[in-house]
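# Make a model of this:
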Amino acid sequence: MSDLRIAILCPTPEYEEDWSHIQSDYARLLGNGAVFIDWTKANDFSGFDLVTPLLAWGYPRDCARWFALLDQLEAENLRVSNPVSILRWNSDKTYLAELDAAGIPSVPTIWTALLDRVALEDARKSFNVETLIVKPPISGGADGTFRLERDDMVPASVAGQRMMIQPYVPNIAEEGEYSLFYFAGIFSHSIIKRPAKGDFRVQEQYGGREEAVTAPEGVRMLAEQALAATAEITKSGPLAYARVDILRDGDGIFRLMELELIEPSLFLRFAPDAGAAFARALVSSA
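Predicted coordinates:
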């Protein structure tokens, strides 16, 4: 338990996904000094020793407000875990292109400024696949993410928008997606997440399920290479918390799916210490 006053940014009351079990974990680990604040109404941080966006779910739905909040935290020189520069960099998935350029293999991606049928057909030719995944560059929880077959229409909710286009990797359903967790740069635990039958989304709200797993050596190696490359690109030190999501493609190559440094579910029930290392890392960042 900590005596620090910690502002934990959390979802609006209208947010549909249940986060109460995670709130309970953080309250247990961080003590009475942990205060949960609706991130859309967070404007007064006086009296807090640390601010963390660990539960700021839904921020991609109001990007202008999110980036204004990051600007405020930076302008007021508040202690933020992870640092504001990291949060800003990690908010837009174009960071994947930077990591790819640094030698970290990720899922092949075409970045289109305007999603339409032409962009989809060009992507099919480029990837030589029939099935595509499209997602917004600023997104979370599979919001705005679709699996599209050749005959599918462009979803109205994302038509004409800036989007990422990727080949669908069937191994997401066959093997699953690995998530590795690091606190203060030190490995804690790993899980594998699998979607419900017939789906491609591994999130719990879509029927996804997860279990503890010993990650293959290549997965652990890629995760640590990705974190090292992130430190080099952003000129940052070890982060209080990080989740690295990795998938094995059809050729057996491990590829980075996402690097979650803002508001990842940490699945602390699978941590061998039930989250004690996480709590120490967070408090030490104050």
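
# all strands for the stretch 1-150 of the chain, in order.
Ranges of strands in the stretch 1-150 of the chain, per DSSP state E, counting those that start in this stretch, are 6-10, 34-38, 50-52, 110-112, 132-135, 146-148.

# neighbouring contacts of the last one?
By Cβ atoms under 8 Å, 6 or more residues apart in numbering, the surrounding residues in contact with strand 146-148 are 120, 131-135, 152, 154-155, 158, 168, 200. Where you see a C-beta, it was placed from the backbone N, CA and C, and this is true even at glycine.

# Switch those residues over to TSV, and while doing so, append neighbour count, pLDDT and distance to residue 278 to every line.
Formatted as TSV, the contacts of strand 146-148 follow (neighbours: other Cβ atoms under 10 Å; pLDDT from 0 to 100; distance: Cβ to Cβ, whole Å):
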residue	neighbour count	pLDDT	distance to residue 278
120	21	97	40
131	16	96	37
132	22	97	36
133	21	94	30
134	23	96	33
135	18	95	28
152	13	94	40
154	19	95	41
155	15	93	37
158	17	93	34
168	18	93	33
200	19	73	29
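
# of all the residues you listed, which two lie farthest apart?
Farthest-apart pair in those is 154 and 200; separation 17.6 Å (Cβ to Cβ).

# how close does residue 18 sit to residue 271?
Residue 18 sits 20 Å away from residue 271, going by Cβ to Cβ, to the nearest Å.

# Comparing those two, which residue is more hemmed in?
Taking other Cβ atoms under 10 Å, residue 18 and residue 271 do not tie; residue 271 has more neighbours (19 against 11).

# Just list the residues touching the residue lying closest to the more buried one once chain neighbours are set aside, thanks.
Spatial nearest neighbour of residue 271, chain neighbours left out: residue 189 (4.7 Å); criterion: Cβ to Cβ, 6 or more residues apart in numbering. Residue 189 makes contact with 180-181, 212, 267, 270-272, according to Cβ under 8 Å, 6+ apart.

# do the same with residue 211
Residue 211 makes contact with 191-192, 270 under the criterion Cβ under 8 Å, 6+ apart.

# does residue 210 really touch residue 190, like I thought?
No - using Cβ atoms under 8 Å, residue 210 makes no contact with residue 190, being 10.4 Å away.

# okay, and the common contacts of the two?
Listed as contacting both residue 210 and residue 190 by Cβ under 8 Å, 6+ apart are residue 179.

# Those two - which one has more neighbours?
Neighbour count, other Cβ under 10 Å: between residue 210 and residue 190, residue 190 has more, with 22 against 19.

# Report the beta-bridge partner residues of the more buried one.
Beta-bridge pairing for residue 190 (DSSP bridges): residue 180.

# Next one: it from residue 73, what distance?
Noted for residue 190: a distance of 31 Å to residue 73, by Cβ to Cβ.

# List the contacts of residue 70.
Residue 70 neighbours (Cβ under 8 Å, 6+ apart): 84, 87-88, 91.

# Can you tell me which of these is nearest residue 66?
residue 91 (7.0 Å).

# Spatially, what comes nearest to the closest one if we skip its sequence neighbours?
Nearest to residue 91 is residue 138, by Cβ to Cβ, 6+ apart, at 6.0 Å.

# Model confidence score at the one you found, please.
For residue 138, the pLDDT comes out at 95.

# for residue 174, same thing?
For residue 174, the model assigns a pLDDT of 88.

# same deal with residue 206?
Per-residue confidence (pLDDT) for residue 206: 60.

# cool, and residue 3?
On the pLDDT scale, residue 3 gets 81.
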